[in-house]
Structure formats: C-alpha cells, structure tokens
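Novice: quick one, what's the 3D model for this:
(2 chains)
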Number of protein chains: 2
Amino acid sequence: VRIAVDAMGGDHAPDEIVRGALLYREVVGTADLVLVGDEAKLKALLGGKGTSFEIVHAAGVIGMDEHPAAALRRRDDTSIGVATRLVKDGRADAVVSAGNTGATMAAALLILGRVRGIDRPALCGMLPVTSERQATCLLDAGATMDADARNLLQFAKMATAFMEKVHGVSRPSVGLINVGEEPEKGDKLRLDAHALLRAAPDLNFYGNIEGRDVLRGVTDIALTDGFNGNVLAKGLEGAFDVLQHGIRGDIFGGPLGKIAGAIALPGIRRFRGRFDYDPYVSAPLLGINGVSVVTHGRAKANMMRWAIAVGERAVANRLVEAIGTIAAPAE
Amino acid sequence: VRIAVDAMGGDHAPDEIVRGALLYREVVGTADLVLVGDEAKLKALLGGKGTSFEIVHAAGVIGMDEHPAAALRRRDDTSIGVATRLVKDGRADAVVSAGNTGATMAAALLILGRVRGIDRPALCGMLPVTSERQATCLLDAGATMDADARNLLQFAKMATAFMEKVHGVSRPSVGLINVGEEPEKGDKLRLDAHALLRAAPDLNFYGNIEGRDVLRGVTDIALTDGFNGNVLAKGLEGAFDVLQHGIRGDIFGGPLGKIAGAIALPGIRRFRGRFDYDPYVSAPLLGINGVSVVTHGRAKANMMRWAIAVGERAVANRLVEAIGTIAAPAE
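Specialist: Numbering: from 1, shown residues only, chains lettered A, B, ... in the order given. Alright, predicted model coming up:
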C-alpha cells in the first residue's frame, strides 16, 4: 500500500504533517509514503530521517479565500491536486490531507469521480463518545447539500461499509438523527428516509435518535443530511472548545487552581483520555472512486499518523470496492 | 399582570414549580400568580405560605407517550390545557410551563391560535454564550418542521421583537446558521433565506454564522429551521452533560480529586456561573396570539422564578402586539 500525504494542508503544515509521517513509519510503517509539497522545505524538515519517503514537488496551496474547484481548474501545482492525481494515475493508493475540506472534496470529485451508482458523496465526522463504542460516525458532515431520502439511504450503506471495513465494527447500527424517537416525528426528509431505512434488509437500522444521543454513542452511525451534520459537528466542537477553555481558565487558572490542577493531574489525564479522538477523527470521503482521507485542520503529528493508518486500512480492506458492490449489487 | 403557572408540568413538578412560584413572589412579586394543578396536592405543598395565590384545579397531566394534540382534544382536565384556556378567557395574561414542550405548543396553537400574518410559530432556545452578551436566542428550536425561506424571515423578525422587548437588547443582530460564512454557501433554503434577510430593511442582519459561533455568542439571534435548531440545541445540551459528567467523575471524583475540588472551589463556582442559564433559558413561543412561556423540563425553583419573570416582561412590554405589527405592518 502506497499513500500520498498532502504535506502542505492544515494549520500546522508542513512541520506537523512531516512529523506525523515519521511517526507513522516509526510506529506502524507498513505502507510506503509519498510526501507531496514544497520539495526544498520538506527536505529541510526531514533532514536525513526521511530518505525512504518519496517526495513529489507541489509548490501551491489553496487559500482559505479561494473557491476550491476554481483553484484546482486554474492551477495544476496545488499539493492536494497533485496528491489526488497520484491516486488517479495509480502511483498511490490513497491520499490523506489535513487541508481545507472543501478543497480535498473538490479534488476527489474532479479528479477521482464518484463510485458508479452513488449519486452524492458523504463525509463522515468521527466523534468521541461516552458509550463502550470507540467513536460514532456522524454523516453526512457536509459533503452534500439538499440531500434527498434516497441519498440518505446510500449514505447509511456507505457508512456501514466504512465502519465494518475500516473500524472492524460488525453490523454497525444506524440511527437517524431526528427531533424525537417516534417514527412519525420530523420533517418530510426524515419521514421519507425513515421508511426507506426501515425497509432496507442489509442495514442494522436502530430507528430515530436525538441530538443528545450522538455524543452518548447510542449508535455506531448517526445519519443526517450534510447541512444538519455540518452544523451539528461544528456546534459540538464549539461546545468542547468553550468548556475546555472554561475548565482551563476558570477552574485551573489562578494560583489556587494551579495547585488543585497538580493534585488532580491523574484525573485530568483520565478526562483527556476519554475525549482523545486522535485515532478516530479521520475518515475517507465516502462515494469517491478512490481513497481520499480527510482529517482535522488542526491535526498535529499524532492525528496525522492515525489518518495515514485510516487510509491504509481503507485500501487494504477494499472499502471502495465494497461501496461499489452496495451501489450496484446486481453487477 | 396575572400569570397562570402549570404546576404539574416538568420533571420536578409540582414541588419545585410551587417553590419557584413562592420564590418569584418573594424576590420579584409584581405579577399575580394562578397555580393550575391538583388542588389538594398544591394546598398541601403551599401550607399557609401561598394564601395570595389563586389555585385552579386540573388533575390531569399529558403523558410523555401521549400525542399532545389528541390528548388535549380528548380531555379538558389537563393542567396545560386549563392554564392556557385561562389566557384565552382573559383570566390570565400569560401561561408558563416546564412540561412537555410539544404539549405546551399544541395547547398554544389549538387554544390561542397564531398571530394574524404569521404563517408558522417558532421556539426560541436560549443558550448561555461566552461573549459579553447574556445569551443567544437559537430559533427555531423545533416548533416548525419544513420551514421555507419566508418562514425564516418571519422568525428573524419575531426574535428581534423578543430580544428587544423581553431582554432589552437594542437592534439585536441576526446570524443565519450555515455551513460557511460566504453568502453562496449552504442548501437551497439557506441561499433563499440569505437573500431575503439581506434585503429586509428592519433587521440587523449579520450574515452567515457557523455551528461553532452559536455558543461563542457571535450574534444575539442564531437563526435556523426547526429541524436543525432542535438537533443542535439537544446536541449542545448533550455536550454539556457529557463534559460536566466527565469533570465531576474523572477530575473531581476520587479521593485526590475531592481535595483538588475543595481547593479549586472558587474557580468551580466561577465556571458554573459562566454557564448558569437559569435566567435565560425560558422563552415564549413566538407567533402565538398570547404569551405562552416554555421552560426546561428539568426546571427547578430558580429557573421557574425566571420563567415567570420572562412571562411578565413579555406581557408588560406587549410582545404579542409588537409581533402583530411586524406581521401586518400596513394595518
């Protein structure tokens, strides 16, 4: 397995991306890595440590203020564009990026295209949960706007394949995010989707779940449309930020707080461990004809290491082929 | 001003509801209160302390497994039905309930009806925020499914009246919850709503905000459809629960944690104070032809006290009339 890493994407690129690649090689190391980015910078960062990495030069980065698809069409030197084309050309099996999700998605759609039989792609936002599950796949986290019930059914099937193939969850349960548990609750999209999901023989459909059930980890998959999923994922992330900021500043901030923090250190570590989602946050774009893994823009080395591992597992366990079988079961 | 309090609604009814009424009379006390519920129980709870409260008997409660509208049509003895009819009959100016939101909404719609010119009602979920604002009104938190762009425009106007009249915020800012800040982002509903909001001369339209901006308090009003608002409000509440549970259990749980907790007590109080939303969580249903205040099912005495005060301010500042003027400005 050979993985193209977008070394220029993300808040901490290229330093932490390169450190993540080195960490991956040190800890796991089964896949070959291709670093895509500014060759001089990458060589300087690697020193002598990365002689086994191939480097493919790409000087450009897509800015946050650029329209991703337009930028990709206009310029052929962006790191995400070059890295994704390596997959298209068979020179890599997967691309992994912590860069602008919109740009990664645009590159995947423009260069790799959709799996035949899948109408719209979906993005899995992996969330840490408090149940015995590792994490819940919240999808669609924003790949597709204006999804219909048929799209939601396809999303549920793709997420099922993803959780089985990449996370080793057998018969993952699917919860439809709704305003209440009763089947007759919700807007028209939810009513239609509920009926389709209930009738699908190959899904482990749990029924409706509510907003609070997502972090509780009531199901392996929390299914919704891309608008709602994006707002909810960002809202939950904002809640974590606000509360962690409060804990740090209000509770453990002053001189007394610092003493309390030293005493409570084992507990603080336990708390952090519960919400450590480095291993889970990365996910491939589902419905793409190739493996394109999106990770968090804030990714540092450890998260990048896991993102590369997710790409490797998706390739090794033939995720794209599995989704192709779901999409066109008769063929 | 005369307020009907549904004494039987909520997780802690009737004890905490009655305690809330007593607290209101003690601390604020400008409105007269009518307690609606099981007369014998209420008299026993009040002892001699509530002789200035009128009690109106209503033995029934709408169960969580009942269909609210059907229950209201079938039975005329439910506390929320009786309390809402007091407003309809002019025997009270507002009804306040911590009971099933669906039942309060159904009673308001069936008994009081909508304001002329308002097509659909909206529910304001008041959230504590970290900016200098007191709180943000997240609406619609679930009153209306399948809203269109025109409904969202009406919601924005009603919330503007609410924040001005009840919370004293002058020219409250309105943020449209979306998947990105750029005007061209979002699904069809958001694109249409953005255009209508931008063109509305009587609104202080900020533009798009994202899920994480809601708790940051970027705007006074965070506008969305009832499906998305309900899922987001419950999701954020779930995040608070999960994190508070983690803080209590992981950090301050064991013997060392207890010592740390004692040392950090002033900080813990500061932290709690920041997220103390008792004064803000209650809000009237907007678009109803009368004041019907919904508060949290978990409300205890202090939150009930504030809920009654919100009802009083809505009546005293003529919120319903203000919404009527917005809805039919030509009349």
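Novice: going along the chain, name the helices of the stretch 1-150 of chain A.
Specialist: For the stretch 1-150 of chain A, the helices defined by DSSP state H, counting those that start in this stretch occupy A:15-27, A:39-46, A:68-74, A:79-88, A:101-107, A:149-165.
Novice: now these in TSV, with distance to chain B?
Specialist: Where C-beta positions appear, they are placed from N, C-alpha and C, glycine not excepted. Formatted as TSV, the helices of the stretch 1-150 of chain A follow (distance: least, C-beta to the nearest C-beta, whole Å):
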stretch	distance to chain B
helix A:15-27	22
helix A:39-46	29
helix A:68-74	11
helix A:79-88	18
helix A:101-107	8
helix A:149-165	12
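Novice: next, the angle from the helix or strand harbouring residue A:227 to helix B:226-246.
Specialist: Assigned by DSSP states H and E, residue A:227 belongs to helix A:226-246. Using axes from the mean of the first three to the mean of the last three C-alpha atoms, to 10 degrees, the direction of helix A:226-246 lies 30 degrees away from that of helix B:226-246.
Novice: one step back: return the member of the helices of the stretch 1-150 of chain A having the minimum mean pLDDT.
Specialist: Ranked by mean pLDDT, the helices of the stretch 1-150 of chain A bottom out at helix A:68-74, with a mean of 89.
Novice: counting contacts, what elements does that one pack onto?
Specialist: Here helix A:68-74 touches helix A:101-107, going by 3 or more C-beta pairs under 8 Å, 6 or more residues apart in numbering or on different chains; DSSP states H and E.
Novice: alpha carbons only: can I get the helix it packs on in PDB?
Specialist: Output of helix A:101-107 as PDB, limited to C-alpha atoms (Å, rounded to 0.1, in the frame of the first residue of the first chain):
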ATOM      1  CA  THR A 101     -12.000  20.000   3.500                       C
ATOM      2  CA  GLY A 102     -13.700  21.700   0.600                       C
ATOM      3  CA  ALA A 103     -10.500  21.600  -1.500                       C
ATOM      4  CA  THR A 104      -9.900  17.900  -0.700                       C
ATOM      5  CA  MET A 105     -13.500  17.100  -1.600                       C
ATOM      6  CA  ALA A 106     -13.400  19.200  -4.800                       C
ATOM      7  CA  ALA A 107     -10.100  17.400  -5.800                       C
END
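Novice: which strands or helices does that helix pack on?
Specialist: helix A:68-74, helix A:79-88, strand A:94-97, strand A:291-294.
Novice: what do you get if the cut-off is 6 Å, keeping everything else the same?
Specialist: helix A:68-74, helix A:79-88 (3 or more C-beta pairs under 6 Å, 6 or more residues apart in numbering or on different chains; DSSP states H and E).
Novice: any buried residues in the shortest one, and which?
Specialist: Going back to what we said before, that points to helix A:68-74. Under the neighbour-count criterion of 16 or more other C-beta atoms under 10 Å in any protein chain shown, helix A:68-74 has A:68, A:69, A:71, A:72 buried.
Novice: looking at those, which is nearest residue B:314?
Specialist: The closest of the buried residues of helix A:68-74 to residue B:314 turns out to be residue A:68 (C-beta to C-beta; 46.2 Å).
Novice: from chain B, how far off is the closest residue to residue A:12 other than its chain neighbours?
Specialist: Nearest non-adjacent residue to residue A:12, counting by C-beta to C-beta, 6 or more residues apart in numbering or on different chains: residue A:300, 5.6 Å away. Counting by C-beta to the nearest C-beta, to the nearest Å, the gap from residue A:300 to chain B is 20 Å.
Novice: what's the pLDDT at residue A:300?
Specialist: 95.
Novice: please apply the same query to the one 10 residues further on.
Specialist: The model reports residue A:310 with a pLDDT of 94.
Novice: shouldn't it be within a helix?
Specialist: Yes - using DSSP: H, G, I helix; E, B strand; the rest coil, the assignment for residue A:310 is a helix.
Novice: show me the residue at the heart of chain A, geometrically.
Specialist: residue A:283 (2.9 Å; C-alpha atoms, centre = their mean).
Novice: bridging residues for the closest residue to that one other than its chain neighbours?
Specialist: Closest residue to residue A:283 apart from its sequence neighbours, by C-beta to C-beta, 6+ apart: residue A:124 at 3.8 Å. Applying DSSP bridges to residue A:124 gives these bridge partners: residue A:139.
Novice: burial count for residue A:124?
Specialist: 29 (other C-beta atoms under 10 Å in any protein chain shown).
Novice: repeat that for the one 10 residues further on.
Specialist: Applying other C-beta under 10 Å, we find 17 other residues in the vicinity of residue A:134.
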